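Colleague: Let's see this in three dimensions:
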Amino acid sequence: GVRAVLPALLVVAVGELASRDPQTSFADHSSLSTDAYNHGRGASADLHNTFGVGNSQSDAAAAGPTPEGRTRDTGSSTGVARDRCAAGWIKVSKELLNSTNSGDAVKEDDSWVCNFGDMPGLPVVPVGEDALLDWNLLYQQRIGVRGHTLSTYDRSGGNEAADASHYLWTTEDRAVAVDLMGDQGVLYFVRANHWHGSPWIWTVDGVANVVTENATSDPTHPVPDSLWQPTSALPSPLALTWSATKGSDVSWVPVAFTESLRIGLGRTHYGTGYCNLHLISPDVPLSRPLQPWSTAVRPSVETLELLQRAGTDLIPLWQPGLRVLNGSGGGLRRSSGSLLPFDEGRHPKGPSTRQRSGRVAYTDQNGTVEVATIRLGPDESGAVIKTLSFTVAAADAPSLDRVSLAITWDNREAPSVLAPLPNFFGAGTLSQGDSAGGKPKNGNFLVQGLTSYIRWDATGTGGALEVRLAAFWPMPFRSSAVLQLQTSSDGGGLPRSIPALRWSVGYAITPSPHPPHTPLFHATYSDHPTPVAGRDVTMLDTKGTEGVEEWSGHVVGTVVTFSRSGDLKTLEGDPRFYFDDSGTPQVQGTGTEEWGGGGDYWQGGERNTLPLAGHPNGGGTAAPIESMYRFLVPDLMPFGFRAVVGIEHGGTDESVTTRRSSTGTVTRNPC
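Modeller: Next up, the predicted model:
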């Protein structure tokens, strides 16, 4: 079976959603406001045909011939010149439309627009290294941006050679897996199976850049602890090789292009891989100009240091004067509170971050504990939860597998976050020790992610080990936030007593109201004990979520428990995400462990944890629960009005292994 959390973030995935219910007001909707513009509507058909992944051969033929007269493969990732509007139409309110000068860019009912340059108040899109550095602005909409995963998957629908070596075209000296023309954007992630394919040729705006790995000169004798080369352009931890990832060479070095991008492989043996990239409308305001990448570009020290901080408190938790909630059978007492800084930028400054912490001992008769209720005052126009953590004695940590976190925004009828506690923080279970599979010691990690971690600390009485679960996903709200612990939906039951479970939540009052296009954070959990053969497991479908038909936002991660019996064969399943009206996936990977940053089943099941991906749980029959996480921070996936996030179970959807997942999304309620 499959269990997943999606942050849209956890598959398990988590994220933020913004609904498009025109009847909902700013204050009473957990997503974006009503009379706002909506990202992405109408783009999918044009954009998918641009990539040669349209719904029919006629789509590809209409798009025109490929370079050098090569025939287009409708299931491939090739590209052609396209209309500027193809990057994403948006729907605007009548008031906003009347304030623009869109002219003939206004289509159909005069509310669909594609000329972003004439739109007032669009959020600035962080690009390049800013997409990672500005992680605390993840909740901002990326209007005018389309995300794609392009890969070497088997176009026939099978799993031939494990989705390897399916290229667009080949020459005497290389095989081409990605070929985009007439677009501008950023390649945010590249993954190859081990060192296979090296040397790689990344051709940016017509200029070839040769990228290698230590094993390139003698690929039959790989070098452990190898490095990407040139190391100055592809340094760790932005670029990691198979020793660290357990099976793949990966790079999060942002590669900007303004006209074209081509990715070639110098060797074709077992050339399985994929990349995540954003295509960006030329009219969208950017945090910095796009400068074509080359191997002469050096990542900043600030970016490298940020990734090196994975597993630490990105937002420091200052303890003095916290508001404390104590519980016993549902009874709560309040004590004093304090103020801490807020900053919309990268670092906390100024006098308005509030933090509350508490200790929970018992549930009420319904198996629910109120962690915190935050209601903004009449002079407070909005807030962002910036840090959330729980600490429990190590011996009691496995009992949290049966506890779910629920968060309800702005007086909505249902929680927007509802996911098992371990899943929300990146793991499938807390019962297996650290990520190395050993008995935990002080400072060991189960998850050492950038935006969340699970760590053992000797902070208990007499230096006893405790488990700390901390997350730093920025979660905005307009009027209120209610955080609870609940009995898990699978009927496991919240333990009546959880000694010394402590929590803290830090939130900041914003200096001005959230813009109407600001989404809210959602974490969606799904459980698939018996997947249906021949059908993808759907981890998230935003349509109808919380009673709202259409949402816009972006997917920011997945956490998946892909087996509860130590079965790794289900890892052959490819992730497939469909956005808006697309009949073909905008995200099409080559396998589950590849999506989680590994390769060859994480080299036979080895566990690992990285800043943005990992395999924290597993170990065969001795530790049969297997899980992975993938956090999409620079390479988040925007959608305009609907996201369907799924995954094959097995290479041809044939496996019946249980899956559980969480998905995170950022959504809003625009029009």
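Colleague: Show me the shaky parts of the stretch 551-671 of the chain.
Modeller: Within the stretch 551-671 of the chain, the stretches with pLDDT under 70 are 565, 620-623, 650-671.
Colleague: where exactly do the strands run in it?
Modeller: Using DSSP state E, counting those that start in this stretch, the strands of the stretch 551-671 of the chain run over 551-555, 557-563, 575-579, 587-588, 608-609, 613-617, 626-631, 637-639, 643-647, 659-668.
Colleague: okay, these in TSV with distance to residue 256 and mean neighbour count next?
Modeller: (C-beta placed from N, C-alpha, C; glycine too.) As requested, the strands of the stretch 551-671 of the chain are exported to TSV (distance: least, Cβ to Cβ, whole Å; neighbours: other Cβ atoms under 10 Å):
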stretch	distance to residue 256	mean neighbour count
strand 551-555	20	35
strand 557-563	23	34
strand 575-579	23	25
strand 587-588	21	24
strand 608-609	29	24
strand 613-617	22	30
strand 626-631	22	31
strand 637-639	18	29
strand 643-647	26	27
strand 659-668	23	35
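Colleague: out of those strands, nearest to residue 4?
Modeller: strand 659-668 (0.3 Å; Cβ to Cβ).
Colleague: Any idea how many residues pack against residue 286?
Modeller: Neighbours of residue 286 under the rule other Cβ atoms under 10 Å: 18.
Colleague: just residue 310 next, same as before
Modeller: 21.
Colleague: now residue 604
Modeller: 10.
Colleague: hmm, back to that, which stretch among the strands of the stretch 551-671 of the chain comes nearest residue 424?
Modeller: Nearest of those (Cβ to Cβ): strand 659-668, 6.9 Å.
Colleague: on that earlier part again, could you dump the strands of the stretch 551-671 of the chain into JSON lines with distance to residue 402 added?
Modeller: Conversion of the strands of the stretch 551-671 of the chain to JSON lines gives the following (distance: least, Cβ to Cβ, whole Å):
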{"stretch": "strand 551-555", "distance to residue 402": "27"}
{"stretch": "strand 557-563", "distance to residue 402": "14"}
{"stretch": "strand 575-579", "distance to residue 402": "28"}
{"stretch": "strand 587-588", "distance to residue 402": "32"}
{"stretch": "strand 608-609", "distance to residue 402": "23"}
{"stretch": "strand 613-617", "distance to residue 402": "16"}
{"stretch": "strand 626-631", "distance to residue 402": "16"}
{"stretch": "strand 637-639", "distance to residue 402": "31"}
{"stretch": "strand 643-647", "distance to residue 402": "25"}
{"stretch": "strand 659-668", "distance to residue 402": "13"}
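Colleague: Any idea which of those gets closest to residue 479?
Modeller: Using Cβ to Cβ, the strands of the stretch 551-671 of the chain put strand 659-668 closest to residue 479, at 15.4 Å.
Colleague: hang on, the earlier thing: and the strands of the stretch 551-671 of the chain: which comes nearest residue 230?
Modeller: Of all the strands of the stretch 551-671 of the chain, it is strand 613-617 that lies closest to residue 230, at 23.5 Å by Cβ to Cβ.
Colleague: Quick one: residues in contact with that closest one.
Modeller: With Cβ atoms under 8 Å, 6 or more residues apart in numbering as the test, strand 613-617 has contacts from 245-246, 250, 426-429, 432, 435, 446-449, 454, 561, 593, 596-598, 602, 606-609, 623, 625-631.
Colleague: mind exporting it as PDB, just the C-alpha atoms?
Modeller: Presented in PDB, the C-alpha positions along strand 613-617 are these (Å, rounded to 0.1, in the frame of the first residue of the first chain):
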ATOM      1  CA  ALA A 613      15.500  14.700  -0.300                       C
ATOM      2  CA  GLY A 614      16.100  11.500   1.500                       C
ATOM      3  CA  HIS A 615      15.200   7.900   2.500                       C
ATOM      4  CA  PRO A 616      15.000   8.000   6.300                       C
ATOM      5  CA  ASN A 617      13.100   4.800   6.900                       C
END
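Colleague: Partner strands of it and their direction?
Modeller: According to DSSP bridges, strand 613-617 forms sheet pairs with strand 608-609 (antiparallel), strand 626-631 (antiparallel).
Colleague: circling back to that earlier point, determine which of the strands of the stretch 551-671 of the chain approaches residue 165 most closely.
Modeller: Per Cβ to Cβ, nearest to residue 165 of the strands of the stretch 551-671 of the chain: strand 587-588, 15.8 Å.
Colleague: Just name whatever secondary elements the closest one is in contact with.
Modeller: Applying 3 or more Cβ pairs under 8 Å, 6 or more residues apart in numbering; DSSP states H and E, we find strand 587-588 packed against strand 145-151, strand 575-579.
Colleague: Export the ones you listed as a markdown table, with columns for distance to residue 616.
Modeller: Listed next are the helices and strands packed on strand 587-588 as a markdown table, based on distance: least, Cβ to Cβ, whole Å:
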| stretch | distance to residue 616 |
| --- | --- |
| strand 145-151 | 23 |
| strand 575-579 | 18 |
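Colleague: Identify the residues contacting residue 571.
Modeller: Taking Cβ under 8 Å, 6+ apart as the test, what residue 571 contacts is 562, 591-593, 601.
Colleague: how far away is it from residue 605?
Modeller: Distance, residue 571 to residue 605, using Cβ to Cβ, to the nearest Å: 10 Å.
Colleague: again with residue 210
Modeller: Distance from residue 210 to residue 605, by Cβ to Cβ: 34 Å.
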